[in-house]
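Student: below are the sequence and a predicted model; questions follow.
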Amino acid sequence: MQKLLLFVDKVSTWVGHAFSFLILGLTLQVTWEVFSRYALDDPHAWAFDVMSMFYGTMFMMAGAYTLAKNGHVRGDVLYGFFTPRTQATIDLILYIVFFLPGVFALTYAGYFYAEESWRINEHSTITYEGPPLYPFKTVIPVAGAFVLMQGIVEIIRCVLCLRDGVWPSREADVEEVDVEKLKAELHVKDEDIQKLDQYVEHKEPAR
């Protein structure tokens, strides 16, 4: 079971990493548009639509990745002090009551939303050179399907935590530096850091 959970984590991670490169495309596109507009006096009417599509696609396709890394925003003031079983109980209730119906509705409705867009060959009406919208709208059900798949994995994790009393492991990825964990791994104490302070030169800022 754990191998299956980690496999889905890997899939969500790979998808998140793959679509994260859209930020590079977005940066290049915005840079070129600014140069084209102000240096060449040749703005493009479709530029705003493309920016929105790049960012929207990246944002939606990162949903499953963020869920796999337990990175979505939550009210952590009290949650962090609860035992793993209590956390799992709260998460399980919220997944069943809110997550599953909401994400299923997003995926289900998004499919017909995208299907209609393909059928009528829909283009953006924000600008007169509006690019096609059907590829962008297809992202909605695809992203919803990935989030739904990852959400089912998280529900299984809750059940396993209720059974075992500890949270199952997750696929490792880049994380923010945990200073306390880093000090423990390097066997460094606060006293050692304080002793090194005497070797640090404190210079007054130049006036």
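Tutor: Perfect, I can see it now. What you are looking at is a predicted structure, and each value in this text was computed from that prediction instead of being measured.

Student: and the strands in this structure?
Tutor: Listed in chain order, the strands found in the chain under DSSP state E amount to none.

Student: residue 143 and residue 92, how far apart?
Tutor: Using C-beta to C-beta, to the nearest Å, one gets 23 Å for the distance from residue 143 to residue 92. Bear in mind the C-beta positions are built from the backbone N, C-alpha and C, glycine included.

Student: these two - which one has more neighbours?
Tutor: Neighbours around residue 143 and residue 92, counted as other C-beta atoms under 10 Å, are more numerous at residue 143. The numbers are 24 against 18.

Student: isn't the more buried one up against residue 61?
Tutor: Yes. Between residue 143 and residue 61 there is a contact under C-beta atoms under 8 Å: 5.3 Å.

Student: now do the nearest residue to residue 25 once chain neighbours are set aside: how many residues are near it, please.
Tutor: Closest residue to residue 25 apart from its sequence neighbours, by C-beta to C-beta, 6 or more residues apart in numbering: residue 54 at 5.9 Å. Applying the criterion other C-beta under 10 Å, we find 21 residues in the vicinity of residue 54.

Student: pull the longest helix from this structure.
Tutor: Of all the segments assigned as helix in the chain under DSSP state H, the longest by residue count is helix 134-164.

Student: could I get the average pLDDT for it?
Tutor: Per-residue confidence for helix 134-164 averages out to 94 on the pLDDT scale.

Student: helices or strands up against it?
Tutor: Secondary structure elements in contact with helix 134-164, counted by 3 or more C-beta pairs under 8 Å, 6 or more residues apart in numbering; DSSP states H and E, are helix 2-20, helix 47-61, helix 63-68, helix 84-94, helix 100-119.

Student: out of those, deepest packed?
Tutor: Burial among the helices and strands packed on helix 134-164, expressed as mean neighbours by mean count of other C-beta atoms under 10 Å, is greatest for helix 63-68, which shows a mean of 23.

Student: run the chain-centre distance for that helix.
Tutor: Relative to the mean C-alpha coordinate of its chain, helix 63-68 is positioned 5 Å out (C-alpha atoms, centre = their mean, to the nearest Å).

Student: now do stretch 117-134
Tutor: Using C-alpha atoms, centre = their mean, the distance between the centre of stretch 117-134 and that of its chain works out at 27 Å.

Student: send me that stretch as PDB with only the CA atoms.
Tutor: Extracted C-alpha coordinates of stretch 117-134, given in PDB (Å, rounded to 0.1, in the frame of the first residue of the first chain):
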ATOM      1  CA  SER A 117     -15.300  25.000 -25.800                       C
ATOM      2  CA  TRP A 118     -13.700  22.500 -28.300                       C
ATOM      3  CA  ARG A 119     -17.100  22.000 -30.000                       C
ATOM      4  CA  ILE A 120     -17.600  25.700 -30.700                       C
ATOM      5  CA  ASN A 121     -13.900  26.400 -31.400                       C
ATOM      6  CA  GLU A 122     -14.000  29.000 -28.600                       C
ATOM      7  CA  HIS A 123     -11.600  31.900 -28.700                       C
ATOM      8  CA  SER A 124     -11.000  34.700 -26.200                       C
ATOM      9  CA  THR A 125     -13.100  37.800 -26.600                       C
ATOM     10  CA  ILE A 126     -11.000  39.900 -24.300                       C
ATOM     11  CA  THR A 127      -9.000  41.100 -27.200                       C
ATOM     12  CA  TYR A 128      -9.700  41.100 -31.000                       C
ATOM     13  CA  GLU A 129      -6.800  38.700 -31.600                       C
ATOM     14  CA  GLY A 130      -8.000  36.400 -28.900                       C
ATOM     15  CA  PRO A 131      -6.200  33.000 -28.900                       C
ATOM     16  CA  PRO A 132      -8.100  29.700 -28.600                       C
ATOM     17  CA  LEU A 133      -9.500  28.900 -25.200                       C
ATOM     18  CA  TYR A 134     -10.200  25.200 -25.500                       C
END
